[in-house]
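S.K.: Just the structure for this:
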Amino acid sequence: MAEILRYTLQIALISFMIGSLSDTGLKLDLADARAAVGDVRFLLSSLFWCFMAGPLLAIAVSHFLGLSEPYALGLMLLGLTPCAPFLPVLSDVAKASSAYAAAFILIAALGTIIVMPVATPFVAPDLHAGVGVVARPLLLLVLAPFVVGIIVRQLSADFANRCDPIIRKLVTFSIIVLFLSAIAQNWGDMLGAIGTRAIAAQLIYYALLGAGSYALSFGLPHEKRSVIALGVATRNVGAALAPLSAIPGSDPRASTMCILAACITPFVGFAFAKLLSLSRSVRREPGPG
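M.R.: Got it, this is the predicted structure:
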């Protein structure tokens, strides 16, 4: 039974990673993304909050709350993998720019693939993962499906749009199977996470990143800073799990921390997107005459 659960977990994890990243590529309008990437202020703000403030804040929150080492490792890996694949949906809710959401997805995905293999040995030395060990699953399970999705969209946007709901259902099913099999295999760790401040750490981390990036992205209008805030307040869980899946004997509690994020980040993302939408509406209301 344990072997069946282990293989089910692995298959669900790979399906989730490939499905979520290919779905991201299928929805990415490359022309819009290229145009928005040319906005230097937006580009620099995105890079700063994704790959400087994000990882440093993950370390700070871990130390401040005194997270045990495996949960801290999970949070640090999440700190290196900004932007959930459902950012375009969040940007629509927040009335943000769809073109800049596409650009942010591109920046975050390529940045993760470049930065994570180099940064992981420094932020997580106990993982004993070299650059090649971390890079390999990122290339196979993150970059490859992402690029395939982009290529399919470039060849036929109509076909990509037809594929999108099918893959989204596959991803949803994979998340459910992943979560249930993770509970069945590691139910002690999942229950144990409730009393370890692991969930609180994620909520605090996403809230600080989202609010901080929105408030401090100076010189950018709501439509652009909302994209950055939503992108950094959500995480690419598949990319965070990639190095853990490639390292035999890694502590399952680190994977538990990442799997919890698959449930927490959608909740945080949609709540934050609704707040941004409401704040925009309030600012636009005319004053009393």
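S.K.: CA only for contacts and neighbour counts going forward, please
M.R.: OK.
S.K.: Report the separation between the spatially closest residue to residue 103 that is not a sequence neighbour and residue 148.
M.R.: Nearest in space to residue 103, with sequence neighbours left out and distances taken as Cα to Cα, 6 or more residues apart in numbering, is residue 33 at 3.9 Å. With distances taken as Cα to Cα, to the nearest Å, residue 33 is found 17 Å from residue 148.
S.K.: the more surrounded of the two?
M.R.: Neighbours were counted for residue 33 and for residue 148 using other Cα atoms under 10 Å; residue 33 has more, 20 against 16.
S.K.: Please, which helix or strand holds the more buried one?
M.R.: Per DSSP states H and E, residue 33 falls inside helix 30-37.
S.K.: what's the following helix or strand after that helix?
M.R.: Assignment by DSSP H and E places the next element after helix 30-37 at helix 40-48.
S.K.: buried set for that next one?
M.R.: Within helix 40-48, the residues that qualify as buried are 42, 43, 45, 46, 47, counting by 16 or more other Cα atoms under 10 Å.
S.K.: Which of these sits closest to residue 115?
M.R.: The closest of these to residue 115 turns out to be residue 47 (Cα to Cα; 10.7 Å).
S.K.: for the stretch 1-150 of the chain, what spans make up the helices?
M.R.: In the stretch 1-150 of the chain, the segments counted as helices under DSSP state H, counting those that start in this stretch are 2-27, 30-37, 40-48, 54-65, 69-79, 87-93, 98-123, 131-138, 144-155.
S.K.: Let me know which of these is tucked in deepest.
M.R.: Between these, helix 69-79 has the highest mean count of neighbours, a mean of 26, where neighbours are mean count of other Cα atoms under 10 Å.
S.K.: tell me the mean pLDDT for that one?
M.R.: Here the mean pLDDT over helix 69-79 is 91, rounded to a whole number.
S.K.: Other residues contacting it?
M.R.: The set of residues that contact helix 69-79 without belonging to it, under Cα atoms under 8 Å, 6 or more residues apart in numbering, is 54-59, 62, 120, 123-124, 198, 202, 235-237, 240-241, 251-258.
S.K.: Going by neighbour count, which residues of the host helix or strand of residue 163 are buried?
M.R.: Assigned by DSSP H and E, residue 163 falls within helix 157-192. Residues 157, 160, 163-164, 167-168, 170-171, 174-183, 185-186, 189-190 are the ones in helix 157-192 that count as buried (16+ other Cα under 10 Å).
S.K.: Past that helix, which element shows up next along the chain?
M.R.: On the C-terminal side of helix 157-192, the nearest following helix or strand under DSSP H and E is helix 198-216.
S.K.: Would you mind getting the angle between that following helix and helix 54-65?
M.R.: Relative orientation of helix 198-216 with respect to helix 54-65: 130 degrees, computed using axes from the mean of the first three to the mean of the last three Cα atoms, to 10 degrees.
S.K.: In terms of secondary structure, what does helix 198-216 contact?
M.R.: helix 54-65, helix 222-232, helix 252-284 (3 or more Cα pairs under 8 Å, 6 or more residues apart in numbering; DSSP states H and E).
S.K.: any idea how far the closest residue to residue 150 other than its chain neighbours lies from residue 202?
M.R.: The spatial neighbour of residue 150 that comes closest, neighbours along the chain excluded (Cα to Cα, 6+ apart), is residue 25 at 4.4 Å. Look at residue 25 and residue 202: by Cα to Cα, they are 26 Å apart.
S.K.: Could you measure from residue 173 over to residue 21?
M.R.: Noted for residue 173: a distance of 15 Å to residue 21, by Cα to Cα.
S.K.: wait, isn't residue 197 in contact with residue 65?
M.R.: Yes - at 7.1 Å, residue 197 counts as touching residue 65 under the criterion of Cα atoms under 8 Å.
S.K.: Give me the distance from stretch 58-65 to the chain's centre.
M.R.: On the basis of Cα atoms, centre = their mean, to the nearest Å, the separation between the geometric centre of stretch 58-65 and that of its chain is 19 Å.
S.K.: can you list contacts of it?
M.R.: By Cα under 8 Å, 6+ apart, stretch 58-65 touches 72, 75, 76, 79, 197, 201, 204, 205.
S.K.: average pLDDT for that stretch?
M.R.: For stretch 58-65, the mean pLDDT works out to 94.
S.K.: Ok, stretch 97-111 next?
M.R.: 89.
S.K.: which residues sit against that stretch?
M.R.: 24, 28-30, 32-34, 36-37, 43, 46-47, 50-51, 81-83, 85, 87-88, 91-92, 143, 223-224, 227-228, 231.
S.K.: same thing with stretch 266-277?
M.R.: Residues from elsewhere that reach stretch 266-277 (Cα under 8 Å, 6+ apart): 90-91, 93-95, 203, 206-207, 210, 226, 230, 233-234.
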